[in-house]
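1. Quick one: sequence plus predicted model below, questions after.
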Amino acid sequence: MKSLKIGNLCASMPVVQGGMGVGISLSGLASAVAAQGGIGVISSAGLGVIYKDYSKDYREASIWGLKEELRKARAATRGIIGVNVMVAMSNFADMVRTAIAEKADIIFSGAGLPLNLPAFLVEGARTKLAPIVSSARAAKLLCRKWFSEYGYIPDAIVVEGPKAGGHLGYKPEQLDDAHYALEALVPEIVAEVRAFGEEHDRYIPVIAGGGIYTGEDIYRIMALGADGVQMGTRFVTTEECDADPAFKQSYIDARREDIEIIQSPVGMPGRAIHNRFLDRVKQGLKRPGACPFDCIKTCDVTHSPYCIMLALYNAFRGRLQNGYAFCGANAWRAEKIQSVRELMASLRAEYDRFAAGCADFSLRNQLFGAK
């Protein structure tokens, strides 16, 4: 298994732990992944609710919360710690500026194209920037925009396929279309990014996410040109995941048929585990009285069936009767709670076994010819 190099950062395992809000990936999970050689990622989404005791002002509490989570992660590991900041968040600028000021190793940004992300860098900043895209067209647009406007080349690019968890950058009809499968997207985006990188004498690693679950999955997607993978769902059922045990148990209890696509109040499709709360939403029994946070730019309380921030915060706290768990397409495969160390070791072992099998098969073909 190759290491993942992003500029002067080097992860001995090419695994980026996906940023999962609200509260699912904080310093506990991120530092554990970083300590095992991966890239740990703190989600900045919803920190103003999690740290509401610090300040009743959502934005002020969010800034404090991100500082605290980065401080705790740094105290726990010397590994690579990143921050996920969604473009759709109303406090996007606050979170980006805070991550840079606090010297986060890397910012991952999606849920919209972060076209102005380099504008927040200050002189001497060490934070790398990695946009999240869902098409080769978006990758090309963003690369050229960053270079023409800011003279900046992305340090890495993440491609998220339609099997990812949470909010999805696809139309509902694209989710099961083979043309939009991660396996189809990766070669297209790799080709686009490689061409741009060669123009500017820079190697830009491509990280693939969305449905990656096993070491074999890692091998197969890297064989298509990806330099690393992003995994979120698989890290939820770890001891170090920051979510309440009831949230983790909902993954273990989930069946394949429980994984569903919902229409989020923020105007995007999302993937979640079916529960009674979502039933009540469909029946029209949920209705927010007011917007307590103004957390997402595209959320209109007058047309929203519920407050997504409160729903996700309740789920994070284990109160699933008043919320629901976002998840990836493979959440139903979860069987047990294990440590991050055990998970990373199993991923490496699965990768090595599959790689060895592929090498044996290739050698047999060379010696005896395909049959």
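-> That came in fine, so what should we check first?

2. make it CA atoms for all contacts and neighbour counts henceforth
-> Will do.

3. And stretch 126-142, end to end?
-> 21 Å (Cα to Cα, to the nearest Å).

4. could you give the mean pLDDT of that stretch?
-> In this model, stretch 126-142 has a mean pLDDT of 96.

5. Can you give the contact residues for that stretch?
-> With Cα atoms under 8 Å, 6 or more residues apart in numbering as the test, stretch 126-142 has contacts from 99-100, 103-111, 113-115, 117-118, 154-161, 169-170, 185, 188-189, 192-193, 196.

6. just the helices in the stretch 1-150 of the chain please.
-> 27-35, 47-50, 58-76, 92-101, 136-150 (DSSP state H, counting those that start in this stretch).

7. can you tell which of those helices is closest to residue 345?
-> Residue 345 lies closest to helix 27-35 among the helices of the stretch 1-150 of the chain, at 11.4 Å (Cα to Cα).

8. Packing partners of that closest one?
-> Counting contacts by 3 or more Cα pairs under 8 Å, 6 or more residues apart in numbering; DSSP states H and E, helix 27-35 packs against strand 39-43, helix 58-76, strand 80-84, helix 340-368.

9. Pipe those into CSV and attach mean pLDDT and distance to residue 246 per row.
-> As requested, these are exported to CSV (pLDDT from 0 to 100; distance: least, Cα to Cα, whole Å):
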stretch, mean pLDDT, distance to residue 246
strand 39-43, 98, 20
helix 58-76, 96, 22
strand 80-84, 98, 24
helix 340-368, 84, 18
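
10. hang on, the earlier thing: which of the contacts of stretch 126-142 fall within strands?
-> Of these, the ones assigned to strands by DSSP state E are 106, 107, 108, 109, 157, 158, 159, 160.

11. So what's the residue count around the second one?
-> For residue 107, the tally of surrounding residues (other Cα atoms under 10 Å) stands at 23.

12. if we can go back for a sec, what's the closest of the helices of the stretch 1-150 of the chain to residue 266?
-> So among those, helix 92-101 is nearest, using Cα to Cα, at 15.0 Å.

13. What angle do strand 80-84 and that closest one make with each other?
-> 170 degrees (axes from the mean of the first three to the mean of the last three Cα atoms, to 10 degrees).

14. CA atoms only: put helix 92-101 into PDB for me.
-> Extracted in PDB, the C-alpha atoms of helix 92-101 (Å, rounded to 0.1, in the frame of the first residue of the first chain):
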ATOM      1  CA  PHE A  92     -17.800  29.200   5.700                       C
ATOM      2  CA  ALA A  93     -15.400  32.200   5.800                       C
ATOM      3  CA  ASP A  94     -15.200  32.100   9.600                       C
ATOM      4  CA  MET A  95     -14.300  28.400   9.600                       C
ATOM      5  CA  VAL A  96     -11.800  28.700   6.800                       C
ATOM      6  CA  ARG A  97     -10.000  31.600   8.400                       C
ATOM      7  CA  THR A  98     -10.000  29.800  11.800                       C
ATOM      8  CA  ALA A  99      -8.600  26.600  10.300                       C
ATOM      9  CA  ILE A 100      -5.800  28.600   8.600                       C
ATOM     10  CA  ALA A 101      -5.000  30.700  11.600                       C
END
